[in-house]
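J.: Need coordinates for the following:
(chains A and B)
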Amino acid sequence: MSAVAADAGRTRLDRLRSEAPLVLRPSPRGVMLVAGAGGPLGGDDLHLDVDLGADARLDVASVAATIVQRGFSAPGRPSGPARFSIRADLGEDASLRWEPEPIVVCSGATLQVHTSVRCARGAALVWREILVLGRLGETGGTASLTMVVDVADRPVLRQTIWVGAAAPTGWDGAAGSGGHRVIGSMLLLGAAADALPRVEPDGATAVLTLEAGGLLVTALGDTSLNVRRRLDAVRSLRS
Amino acid sequence: MGTVADSRVTANLLLFADSRLPAGGHAHSGGVERAVAAGAVRDMPTLEGFLRGRLATAGAQSAAIAAYACRSANDDPAPAFTCWHLLDAEVSARMSSPAQRSASRAQGRALLRVLVACWPDSVPVGLGDRPHHAVALGVGVGLAGGSPYAAALVAASASVSSPASAALRLMGFNPVEVTALIADLAEDIDRCAEAATHASDTGGPELLPSPTGLMLDVLAEDHARSEVKLFAS
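T.: This next block holds a predicted model:
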């Protein structure tokens, strides 16, 4: 998809193309990501490009949680991981809010998400991701989430979170997820991160000031509602 | 994956594996002090879980960075000033926690002092005066004649032995049992160093791996804000 700034501070979507299982729909709230078929399933390889011209503003959300399930290449033969790569390019003073509903990785499924964001000077970004390992009562599958973020060609964030049954031993220990099944992170850049919020330490939330500018908020918990509330609390302190 | 382990170990190299190296390592617990205070590390199984998680994340990352820095230090011609700056920025982008960055730079600075005393003419000026610890470590191992694998091994090993010895002091664990636990992790440490050596053989530092220990970030920040503590991090 791509968006450009139009007259009177408005933004015009000039390209919106997608196909199942991930469909893009324009809405009054911005662009919605809609799971247009079951899945994503193991073996799916999805890619999304988001281009924002200078001064363009775009919100991306979803109507429901994304459920990742194991796929089969043939009866009885599980297929490989579900892959989702997202590339976002923000022009000068552009603003992107990426706040989809949680991603649930069901037992037996493997999800690999690779996100690459390049921002020009002055761009503002809110990028929220919530990962849930398994549906309620399930142990859950395996997920790796990689974030690569540059601002004005300077590295800002390089982070890979690898959790779940097939992750290296210790992933759920006191150095890893700390036994929590819901992992939330929110990256704030530019105008979205211009004051440092005060958050009382609760042993499962970190508000991290990045060396190259920007804030990364990490929240771990046992329900997505609780994690989301803690992530959003940081943002509401700021606006 | 071919083998990268090398048998040539010099006395100089052992300096870097010695906890008595005056580079301030003893002042840091790698998050374990806070984990003990929070009750998350309370016995041998939870300590083992912590160490395994730390090895797979912070350990794997610092091993790859150390191997990369070692390779760069041995490069001919020597890397330009800007190459060290770029590596520094890439390392910082992999350490979201300001408390961890400051612990890394404090130890890097202390280690740099040792390197300058040992190899006064060979330490690259591009490192600045507050390099990240893994970068200084990799350069030091390179100056001592060690390979990128040796640098990765020292970094991976320290990523568990240093918090293990802190836990020993904080919890009064049996030192023999803790040593046996580290011996039990030895194969994983070797594998981690080998994988890190391969991962470090990239075109540029932007391709270095970036495994993250989520609770390590939380622990580091909470520890930095706590008033009563024995270790700096």
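J.: Disregarding residues adjacent in the polypeptide, which is nearest to residue 81?
T.: This is for chain A. residue A:110 (3.8 Å; Cβ to Cβ, 6 or more residues apart in numbering or on different chains). Yep, even glycine has a C-beta here, placed from its N, CA and C like the rest.
J.: hmm, I had chain B in mind actually
T.: Residue B:81 sits nearest to residue B:126 (Cβ to Cβ, 6+ apart), 4.3 Å away.
J.: returning to what we had before: hmm, the residue nearest to residue A:81 is touching residue A:142, no?
T.: Yes. With contact defined as Cβ atoms under 8 Å, residue A:110 counts as touching residue A:142 (4.7 Å).
J.: Overlap in contacts, these two.
T.: A:164, A:166 (Cβ atoms under 8 Å, 6 or more residues apart in numbering or on different chains).
J.: Let me see the confidence value for the residue nearest to residue A:81.
T.: As predicted, residue A:110 sits at a pLDDT of 96.
J.: Torsion angles phi and psi at it?
T.: Reported as degrees, to the nearest 10, the phi and psi values for residue A:110 are phi -130, psi 130.
J.: Number of residues surrounding it?
T.: 22 (other Cβ atoms under 10 Å in any protein chain shown).
J.: Next, find the distance separating the nearest residue to residue A:54 once chain neighbours are set aside from residue A:52.
T.: Leaving out its chain neighbours, the residue that sits closest to residue A:54 by Cβ to Cβ, 6+ apart is residue A:91, at 3.9 Å. In this structure, residue A:91 and residue A:52 are 6 Å apart, going by Cβ to Cβ, to the nearest Å.
J.: Find residues that contact each of the two.
T.: residue A:123.
J.: And the residue nearest to residue B:81, how close does it get to chain A?
T.: According to Cβ to the nearest Cβ, to the nearest Å, residue B:126 and chain A sit 17 Å apart.
J.: Let me see the backbone angles for that residue.
T.: The phi/psi pair for residue B:126 (degrees, to the nearest 10) is phi -60, psi -10.
J.: my read: it touches residue B:83, true?
T.: Yes. Using Cβ under 8 Å, residue B:126 is in contact with residue B:83, at 6.9 Å.
J.: quick one, which of the two is more surrounded?
T.: residue B:126 (19 against 16).
J.: Report the separation between the more buried one and residue B:73.
T.: 10 Å.
J.: Could you pull up the residues touching the residue nearest to residue B:81?
T.: Residue B:126 neighbours (Cβ under 8 Å, 6+ apart): B:79, B:80, B:81, B:82, B:83, B:84, B:85.
J.: tell me the contacts of the residue nearest to the spatial centre of chain A?
T.: The residue lying closest to the centre of chain A (Cα atoms, centre = their mean) is residue A:129, at 3.3 Å. Contacts for residue A:129 (Cβ under 8 Å, 6+ apart) come out as A:100, A:103, A:113, A:115, A:145, A:184, A:185, A:186.
J.: how near is it to residue A:122?
T.: From residue A:129 to residue A:122 the distance is 24 Å (Cβ to Cβ).
J.: Now the residue nearest the centre of chain B: phi and psi?
T.: Computing the C-alpha centroid of chain B and ranking residues by Cα atoms, centre = their mean puts residue B:155 first, at 4.0 Å. Backbone torsions of residue B:155, given as degrees, to the nearest 10, read phi -70, psi -50.
J.: same deal with the one 10 residues further on?
T.: With angles defined as degrees, to the nearest 10, residue B:165 sits at phi -70, psi -30.
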